[in-house]
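Visitor: Give me the fold of what follows.
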Amino acid sequence: MRVSREQAGENRFRVIAIAGELFRERGFDGIGIADLMKAAGLTHGGFYGQFKSKVDLAAEASRQALAANAALWRETIGRTRDKALNAVIGMYLSRPNLIFRAKGCTFASLCADAARQDEMVKTVFAEGIENHLQLLQEIVDGNGDEDRRRKSIAILSQMVGAMTLARAVGDAPLAAEILNSVRDELETRH
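Guide: This next block holds a predicted model:
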């Protein structure tokens, strides 16, 4: 049965959104095409009508997930202009971001996997990192653009590193200790 262009577009969007969640939950290699399509309520055969390859889907799903993460940062910054940096740090280094991987930080979930992927996926992650750095540079104090960029890189790296370590130990007291320690350190220094 043929589907309309509109339905095909909706199906593609649904597959990308679900793949973004499942990749964050299980990793790029942790789920196959058949299971991704099943989760989207579609047949395995429809995959190649929508995507060139699983790498193509990984890039698109990562792009969408990173854009959603950046939108949450923008919303937080807009809501908390005077204390935006501490608000972003607090939102990022939180228990919900720790336990809800499928909707949480794409960097903490997939950076290690992205390093082993095709250049297309690495390019998407490079763009996502740049977008998040630009958001941080808008709210970080510093002596000029170069200083704000350097500080933004350090802050993003510390936040992603802390979340990655915390997720590695699960929802345990050590995870809370990691997140609280880094959050306190970042909020004190900046």
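
Visitor: C-alpha only now, for contacts and for neighbours.
Guide: Will do.

Visitor: Next one, pLDDT for the residue positioned nearest the centre of the chain please.
Guide: The centre of the chain sits closest to residue 106, judged by CA atoms, centre = their mean, with a distance of 1.9 Å. pLDDT, residue 106: 94.

Visitor: my guess is it contacts residue 24, does it?
Guide: Yes - using CA atoms under 8 Å, residue 106 is in contact with residue 24, at 6.2 Å.

Visitor: Run through this structure and note the low-pLDDT ranges.
Guide: 1-4, 8, 190 (pLDDT under 70).

Visitor: What segments of it are helices?
Guide: All helices of the chain, identified by DSSP state H, fall at 5-26, 33-39, 47-50, 54-79, 84-92, 95-99, 106-114, 119-139, 145-169, 173-189.

Visitor: who does the shortest one touch, helix- and strand-wise?
Guide: Helix 47-50 is packed against no helix or strand, with contacts defined by 3 or more CA pairs under 8 Å, 6 or more residues apart in numbering; DSSP states H and E.

Visitor: begin at 58 from here
Guide: From this message on, residue numbering opens at 58, which makes the last subject helix 104-107.

Visitor: Check the offset of that helix from the chain's centre.
Guide: Put simply, helix 104-107 sits 24 Å off its chain's centre (CA atoms, centre = their mean, to the nearest Å).

Visitor: Distance of residue 220 relative to residue 105?
Guide: 35 Å (CA to CA, to the nearest Å).

Visitor: sorry, that was for residue 119
Guide: Look at residue 119 and residue 105: by CA to CA, they are 18 Å apart.
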